[in-house]
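Asks: model the structure of this input:
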Amino acid sequence: MTLSALSRDAAASRTSLWREVIILVGALAFGVLAVPPLLWLVGARTLGPYPGGAIGAMVTSFFHGLATGSIGFWIVALAPYVFITIVRALFAIIRASPD
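Replies: All right, here's what the predicted structure looks like:
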């Protein structure tokens, strides 16, 4: 392998890593900032009022759960990234499969 090929591989690897970091940060931000209010909205419509109060109480409880390391809250926060990763893997499998 030549030096220029190694350089191209290293650059492609860095680009791929940065893309993955951007996807992770974006999905985590969505999971932390958007998912809890959406869960509150769906829960309030289907199950009734949140026992702790309004949306602020639910979001505060969510951040407290994240801060204390509760696995359930972290699953909710990371769920968008896991979903994106599964969809990307399925598309890669479909693209790689022979027709």
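Asks: CA atoms for contacts and neighbours, from now on please.
Replies: Fine.
Asks: what's downstream of the strand or helix carrying residue 14, the next helix or strand?
Replies: Assigned by DSSP states H and E, residue 14 belongs to helix 3-33. Later in the chain than helix 3-33, the nearest helix or strand by DSSP H and E is helix 35-46.
Asks: check the offset of that following helix from the chain's centre.
Replies: 18 Å (Cα atoms, centre = their mean, to the nearest Å).
Asks: can you name the residues in contact with the next helix or strand after it?
Replies: The C-terminal neighbour of helix 35-46 among helices and strands, as given by DSSP H and E, is helix 55-67. Applying Cα atoms under 8 Å, 6 or more residues apart in numbering, the set of residues contacting helix 55-67 from outside is 36, 37, 40, 50, 52, 73, 74.
Asks: between those, which is nearest residue 87?
Replies: residue 74 (20.1 Å; Cα to Cα).
Asks: ok, the closest residue to the closest one other than its chain neighbours to residue 60 distance?
Replies: Nearest residue to residue 74, sequence neighbours excluded (Cα to Cα, 6 or more residues apart in numbering): residue 66, at 6.1 Å. Using Cα to Cα, to the nearest Å, we find residue 66 at a distance of 10 Å from residue 60.
Asks: ditto for residue 91
Replies: Counting by Cα to Cα - residue 91 and residue 60 are separated by 37 Å.
Asks: report the central residue of this protein.
Replies: The C-alpha lying nearest the average C-alpha coordinate of the chain belongs to residue 81 (Cα atoms, centre = their mean; 2.6 Å).
Asks: what's the helix or strand for that residue?
Replies: helix 71-96.
Asks: what's that helix packed up against?
Replies: helix 3-33, helix 55-67 (3 or more Cα pairs under 8 Å, 6 or more residues apart in numbering; DSSP states H and E).
Asks: no further queries at this time; thank you.
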